[in-house]
Each structure stands twice: as structure tokens, then as C-alpha cells.
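Enquirer: generate a structure from the sequence data that follows.
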Amino acid sequence: MEYIVQKIGMSRTVSVPAIPVTLLKLIETKVCEVTDGTAIIAYDSGKKMNKAIEGKQKKYSLPANLNRFATVTVANTEAGDIDLAPLAEAKVIKTSMITKGRGFAGVVKRWNFGGGPGSHGHRFHRTGGSIGNCEWPGRVMKGRKMAGQMGNIKITVKNEIVSYDAENGVLVVKGSVPGANGGLGRIKVAR
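Expert: Sure thing, here's the model as predicted:
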């Protein structure tokens, strides 16, 4: 079963030893259509609408705040409110979110390269150094660690559930979850 969540932020438990936890809030979601265990759901993303979205809202008789659609696996057998019962019994979840984008990064920041000497006339400080082969194969091999776009990719991590507040829709999971505070992602019940 999959659910759309928003990352609230990190905290810790008041226990000895303290456990670092991440707070995830379940987004208001409606199931629009169900076919063979997968469903089209509508959720509130806080983004602007367009005519195509207005048409879908009219088709499924949705309120104006539910303005984004996704396909997920659900426990529901018919349209309506999403079934949250599997979350109450879950022990472990898989969380998928987009990591923070760090822009174009050099090899020292992106891949933890050591760099070269910092003084005595050296001009090799934070660069990648030589990358080529002399004669054969005469090209840069695939997978070479070089400078480039860092972050802004989808990452999935497993987390244990510490507690679940069904009334407020807040999930407390052990450890960190990728992405910025306020970012949207998906959780899937693993066990």
C-alpha cells in the first residue's frame, strides 16, 4: 500500500538513549478509480491548477484543493477515502523522495576527492585531474566520477515506524528521510 506524505522535519525521542526521528504527515487523499489493486488518487499539492486538472476534478466530483493525481497501489476496493488500516499494523516502510538539489558541483564536493596540495605554486587544488587514456581505448569510460549535477534525484530508504498518530495523520519514523522539509514523497508499507 502506498501513501502520499509531506516531510515535516526531524526531531528526537525523549528517552535514553534518544532516537533521531523524522516526522511525516499524510496528505489528504481521495481514491478516484480502482483497477486490479492500483488506483488513481487525487491529493493536495498546493500548486496551481489548469484546465486539464479542472476537467478531471469535475469528472470525479472532487473539491478544488485536490488538484494533483497519481497512480498508486491501495488496499481500497472502491472509490472514496483512502484506507489507512495497513499503516496501523505496519512496522517498516519504504520512503521515496527527491533529494535536495545542490546544482553543479565539483569532484571534491560531489565524490569526496582529496584534491591536491594547497600551496607552493601548485595549480591542482580542487580539480579532478587527468581523466583520459593515452592510446587505447581513447575515450572516457562510462561511470567516470566527474563534476556535474549533484542531488535532485529520487532516493528510497527503509525506516522503522516509531509511532503513528492516526487522528492527526502524523507518522514518526526512525532515522532520516531524504529531501527538504515540506517536500512531498511516497511511502510504501514494507512489513
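
Enquirer: lowest mean pLDDT among the helices and strands of the protein, which one is it?
Expert: Within the chain, no helix or strand scores below strand 80-81, which has a mean of 85 by mean pLDDT, DSSP states H and E.

Enquirer: could you say what helices and strands it packs with?
Expert: Here strand 80-81 touches strand 29-35, going by 3 or more CB pairs under 8 Å, 6 or more residues apart in numbering; DSSP states H and E. For the C-beta atoms, the positions are set from N, CA and C on the backbone; glycine is no exception.

Enquirer: show residues contacting the strand it packs on.
Expert: Residues from elsewhere that reach strand 29-35, judged by CB atoms under 8 Å, 6 or more residues apart in numbering: 3-4, 39-43, 56, 60, 62, 66, 69, 74, 76-82.

Enquirer: swap in 7 Å and give it another go.
Expert: Residues outside strand 29-35 that contact it (CB atoms under 7 Å, 6 or more residues apart in numbering) are 4, 39-43, 60, 62, 66, 74, 76-82.

Enquirer: coming back round to it: what does the least confident helix or strand of the chain rub up against?
Expert: Defining contact as CB under 7 Å, 6+ apart, one finds that strand 80-81 is touched by 30-31.

Enquirer: following that strand, which helix or strand comes up?
Expert: helix 85-89 (DSSP states H and E).

Enquirer: mind listing what's buried in that next one?
Expert: Within helix 85-89, the residues that count as buried by 16 or more other CB atoms under 10 Å are Leu87.

Enquirer: how about stretch 69-78?
Expert: Buried-residue list, stretch 69-78, by 16+ other CB under 10 Å: 69, 72, 74-76.

Enquirer: which residues touch it?
Expert: With CB under 7 Å, 6+ apart as the criterion, stretch 69-78 contacts 1-2, 4, 31, 34, 37-43, 56, 82-83, 85-86.

Enquirer: can you map out the helices along the protein?
Expert: Under the criterion DSSP state H, helices of the chain are mapped to 51-60, 85-89, 107-111.

Enquirer: out of those, nearest to Ile187?
Expert: Each of the helices of the chain has some distance to Ile187 by CB to CB; the shortest is helix 85-89, at 8.4 Å.

Enquirer: could you give the mean pLDDT of the closest one?
Expert: Average pLDDT, helix 85-89: 91.
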